[in-house]
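Q: need a structure here:
(2 chains)
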Amino acid sequence: MPTLKTATRTLLAVALLAGLTTGGEGLWIYAKAKLAQLLLEISWRSALAGEQLRPWPWADTRAIARLTIERDGATIIVLAGASGRTMAFGPGHLDGTAMPGDIGNCVITAHRDTHFAPLRYVGPGDILTLQRPDGATIRYRVQATRVVPKSDTSVLRQDARTRLTLITCYPFDAIRPGTPLRWVVIAQKVA
Amino acid sequence: METNDTATTEYKPRDYSLERWIVRLLLLLFLLPFVTQAQETTTLATNEGAGLLLKTATPGTYAIVPAVKSEVRITVTGPIVRTTVTQTFHNTTGRCVEGLYVYPLPELSAVDTLKMTIGSRVIVGEIREREQARKEYEQAKSEGRKAALVEQQRPNVFTTSVSGVMPDDDAIIEIAYQEMAQYENGEYRLRFPMVVAPRYTPAHTLATSVAAKLPFTPSGSNNNGGTIALSVDLQPGYSVRNIASAQQAKSETLGNRHYRVTADSSTLQAGHDFELSWQPDLGTNPEATVLTEKLGEETYALVMVTPPAQSAVRLPRETIFIIDSSGSMEGASMQQAKAALLLALGDLNPGDKFNIIDFDSMARPLFSDSKFADASSIAAAKSFVEKIDADGGTEMLKALQLAMPEHPTTPSGTVRQVIFMTDGQVGNEQELFSFIHSRLGESRLFTVGIGAAPNSHFMRNAARFGRGTFTYIGDVQQVQERMSELFGKLDAPMMTSISVHSSDSIAESWPERVPDLYRGEPLVVAIRVHDANAKITLHGSIGNEAWSKELTLPPAGSSEGIARLWGREKIESLMDRITDGSDPNGVEAEVIKVALQHHLVSQYTSLVAIDQTPQGLNASCKAEPLPTGNTPDHADPGTLPQTATPAGLLLLIGGSLTLIALIALRIVK
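A: As a prediction, this is how the structure comes out:
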C-alpha cells in the first residue's frame, strides 16, 4: 500500500516537526529565563549607580531588588509584579505586599523550575539577602519552610514584623505545571 | 516506553502497529494545547462577591450563603463618604456552622468598625496595637472565648471569621468603612457595589447558580432572596443641584444643604452598582462653610470653600513645562511625555507666557526667559520638543532651579504654574522636597507621572509641597484625556494663596499648605480644635484683590467621618516622616496614639473582634462542617500565583514526539 505509506510518512514528518517545535518552546522558556537575568543584572547595576536603565527597550516592569541565597551564592534580580509574564524573566514581587526592608511581609514568587529551583535546598537558618536600588542590603534568616495548598493565602498576611516570603510551586520534580501545592520559605529580618 | 513498543512490532503485523503509533501521536498532538494551557491560571483576585462562606467537609472549600436582609446606610459629609453595611444571615442548615464573612472594599479604604450578633452573642471589633491584638487573640483563644483577628489579608477584601452559628439562629454582621467621593468634570460621584445583593455572581472564582443548591435558604421570601434597603444622607456643605442616580432612587431635601436619597429592592438590581452623583450649585462669589464632629474633648471641623461659577477676571498665566529626558524615560514614556507636551502647547493662550526646560544630566531651557505663546514661539517650541531624546542622568534639581528662580521676574497677579513631566526615578528626593518647599513662592507645582511604574511617592509629595496636584498617565491612550482634564482645571484658578487660621492657637489643620481654588471644584480643609467656640478665618486672593471670611463653628450635627479623615491624614503625614528619615519607632508610637483615638486600622493597629457576651450566657456550639456533596465547590478566597513553567513538560512531550517520529520513520522505511 504505497499511498498509505506516503501518508504515514507525511504524518510522521509532521509529528517530527511538532516534536521539535514543542521541545524548542520548552528550551526557549529556560533560555528566556537565563538571558533576561543577564540583561536585568546590567539594568540593576545602572540602578545602583543612580539611574535605572530599562533591561530591554520594551520592558513593562522594572527591577526592584537583588535576591541572594547565601547557601549557594545564587543572585537573582527581582521584578515588580508577580504576573506570569514577569515571572518568565525573573521572580516577581507581589503587588500590595511590603517592599524589601519595609515593615510588613514582602512576598516574592518565581517558577520552581527556573529562578526558584535553588529554593528546594533552602532550610531554616539559611540567610537570604535583598539589595534595594538605593544600595541598602537587608538580611533575612529563614525561619521555616512549608508546603501549603495554593488556596492558603494566609502566607501573604501583612503584619508589623519585617518578613520576606518566597513562594514557588511544589513538588519541585513534578512535570505538570498546574500543581495545587506551593513551597513557602518564611524568613525574618535579622536585626 | 519506546523499547516496549518496538518490541511489540516484532510479532504484530506492521500496519496495525503503525496505526497505533499514529493514533498515539495524534492523541499527543491533540492533548498538547490542553496541557500547556494549565499555566494560564489566575493570580490573586482583587475583588469578588460579598457574603458568608461556610466551611464544608473538604478543607479549603466553602459554600456561599446570601444575606436574607441587607441594609446600607451612607453618610456624605463634604467629600467624605462613610458606609455602614448590615447584613443578616439565617441558619437553615439544621446544624451548627462556622465560616468566613467576606466583603469587597473600595481601593484605599479599610473596615474600621465591626459588630456581629450571632444568636444571643455580641461580638464587637476594637482597634488595638498589632502586637497587643495578637496577644489578646491568643489569650481569648486559650480561655476558650471566641475571638477573631480581623486583618486585611488581601488588598480590598475584608474577611472575618464567624463561628458557632446554631441551627435557626441569625447572624447579623455590621461593618463600616470610609472613602472619599470621586470628583470629575464638575460633579461628585459615589458608587456602592451591589455585590451584597443576594444573587450576584461575580465573573470569576465564586461558584455559579449557588442559590439553587444552598443549604441556607432565604426564609419567607421569593426566589430572589433577601431584601435590600439603601439610604444616603447627603450633607455636602453647599447647595446641590442634579442629584442623579441610574437606579431611580428617591431624593428629598431635609433642610438647608441637607438631602436624603433612598432606594430599595424594587429598583436596585444585583450586579448593577448603585451610583449617585451631585453637582455643587455655584453662585457668583466664592463661599465658605463649615461642618463639625465631636470626638472626645476635641472638635473636628471640615471647612469647604466653593468657587464661583464664573471667574470675574481671567488672570494672566505663565506656564513652565519641565520635561524629563533622562535614560529611564526611553521608549513609551518619552513618547507619552512628548505627546502630552505638544498637546499642552496647542492649548496655550496667545496672551500667556510659557517656557520649556528639558533636562537629563543637564537642564536646557527653550528660551532664556518666558515668552508669549505666539505663532513663532510655539513653532520654536514644537521643533525643540521633537528633538528631545531620552538619555543621560537625572539632574532634577538643576531643572527646578531654572523653573523656580530665587527672584522671579513674573509680575504679581500672574498665575505661575510649573508642570513637571517625569517618571520620578530620582535618588535625592529629600533635597528636592526641601528645595520646592523653600523656593515655591507664588509658583505652583503640578507633577505628571509618566510610564509603567513612576515613583508616585516622590510625585505626590512634590505636588503637595508645591501646592499643586499629581496626575498619573499610565499609557499613551490616556495622554489626551488626562492632560485636557489638568489644563481645563489649571486654566482657571479662582482663588490663590489661601490660608486658614484659627483663634485656637493649638489647632492643627490638614493640608498644612492649602492648594488653590479651581473652577467647579470645592476645596476642603480638616481642622482639629480644642475650643468648640473657636473662630476660623480664611484668607485668599482673587487676582490682586484680597478675600477673607470668618466662620463660627456650628454645633456638631449628624456629620460623620470628619475626625477619621483628620486622623487618617495625620497618620499619612506621620508615615511620610519615615521616608523622610525620622526614627521609625518614634513615628510608630505617634501613629498608634492617633489610630487608637480615631478608631483607625493602620500599619501598626488592627481590628480585633472580641466576644462581649457575659460569661455563662455564652451559648455557643461546636461547628460541624457541611457535607461536601450538595454544596458548590468553592476554593476561595484567592489563590497563590502559579509558579511553574511548562518548560519541562514541553521538553518531555517534544523530545518523546521527536524520538518516536524518528523511530517510526525508520520502521516505515
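Q: check which helix or strand the nearest residue to B:Leu100 once chain neighbours are set aside maps to.
A: Spatial nearest neighbour of B:Leu100, excluding adjacent residues (Cβ to Cβ, 6 or more residues apart in numbering or on different chains): B:Leu53 at 4.6 Å. To be clear about C-beta, it is placed using only N, CA and C from the backbone, and glycine gets the same treatment. Element membership for B:Leu53 (DSSP states H and E) is strand B:51-55.
Q: give the contact list for the residue in chain B that chain A sits nearest to.
A: Nearest residue of chain B to chain A: B:Gly654, at 2.7 Å (Cβ to the nearest Cβ). Neighbour list for B:Gly654: A:Ala18, A:Gly19, A:Leu20, A:Thr21, A:Thr22, A:Gly23, A:Gly24, A:Glu25, A:Gly26 [criterion: Cβ atoms under 8 Å, 6 or more residues apart in numbering or on different chains].
Q: do B:Leu553 as well
A: Contacts of B:Leu553 by Cβ under 8 Å, 6+ apart are B:Val290, B:Thr292, B:Thr299, B:Ala301, B:Val529, B:Ala532, B:Asn533, B:Ala534, B:Lys535, B:Ile536.
Q: the same query, at a cut-off of 7 Å, please.
A: Counting by Cβ atoms under 7 Å, 6 or more residues apart in numbering or on different chains, B:Leu553 touches B:Val290, B:Thr292, B:Thr299, B:Ala301, B:Ala532, B:Asn533, B:Ala534.
Q: of the residues you listed - the most surrounded one?
A: In terms of neighbours by other Cβ atoms under 10 Å in any protein chain shown, these top out with B:Ala301 at 27 neighbours.
Q: so for the strand or helix carrying it, what's the average pLDDT?
A: Under the criterion of DSSP H and E, B:Ala301 resides in strand B:298-306. Per-residue pLDDT over strand B:298-306 has a mean of 91.
Q: same thing with stretch B:508-523?
A: Rounded mean pLDDT across stretch B:508-523 is 83.
Q: among the contacts of B:Gly654, which lie within strands?
A: Using DSSP state E, no member of those falls within strands.
Q: out of those residues, which end up buried?
A: Burial by neighbour count, 16 or more other Cβ atoms under 10 Å in any protein chain shown: within those this picks out A:Ala18, A:Gly19, A:Thr22, A:Gly23, A:Glu25, A:Gly26.
Q: got a list of what the fifth one touches?
A: It stands for A:Glu25. A:Glu25 neighbours (Cβ under 7 Å, 6+ apart): B:Leu650.
Q: measure it to B:Val65 for me?
A: 45 Å (Cβ to Cβ, to the nearest Å).
Q: tell me the one of the buried ones among the contacts of B:Gly654 nearest B:Glu330?
A: A:Glu25 (30.4 Å; Cβ to Cβ).
Q: rewinding a little: reformat the contacts of B:Leu553 into CSV and put secondary structure and distance to B:Thr267 next to each item.
A: Below are the contacts of B:Leu553 laid out as CSV (DSSP: H, G, I helix; E, B strand; the rest coil; distance: Cβ to Cβ, whole Å):
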residue, secondary structure, distance to B:Thr267
B:Val290, strand, 35
B:Thr292, strand, 34
B:Thr299, strand, 39
B:Ala301, strand, 36
B:Ala532, coil, 41
B:Asn533, coil, 45
B:Ala534, coil, 44
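Q: tell me which of those has the lowest pLDDT.
A: Per-residue pLDDT puts B:Ala532 lowest of the contacts of B:Leu553, at 84.
Q: so what's B:Val418 up against?
A: Per Cβ under 7 Å, 6+ apart, neighbours of B:Val418: B:Ile320, B:Ile322, B:Ala403, B:Met404, B:Ser443, B:Arg444, B:Leu445, B:Phe446.
Q: and of the contacts of B:Leu553, the nearest to B:Gly451?
A: B:Ala301 (39.6 Å).
Q: so who does that closest one touch?
A: By Cβ under 7 Å, 6+ apart, B:Ala301 lies in contact with B:Val290, B:Thr292, B:Ile527, B:Val529, B:Ile536, B:Leu553.
Q: name whatever forms a beta bridge with the fourth one.
A: Bridge pairing for B:Val529 (DSSP bridges) gives the partners B:Thr299.
Q: if we can go back for a sec, what comes up buried for the strand holding B:Ala301?
A: By neighbour count on 16+ other Cβ under 10 Å, the buried set for strand B:298-306 is B:Glu298, B:Thr299, B:Tyr300, B:Ala301, B:Leu302, B:Val303, B:Met304, B:Val305, B:Thr306.
Q: low pLDDT regions in the stretch 1-150 of chain B?
A: B:1-50, B:55-64, B:66, B:107-108, B:140-150 (pLDDT under 70).
Q: show me where it has its helices.
A: B:2-8, B:14-37, B:130-142 (DSSP state H, counting those that start in this stretch).
Q: residues near the nearest residue to B:Leu652 once chain neighbours are set aside, how many?
A: Leaving aside its sequence neighbours, B:Leu652 sits nearest to A:Ile175 (Cβ to Cβ, 6+ apart; 6.2 Å). Neighbour count for A:Ile175, taken as other Cβ under 10 Å: 15.
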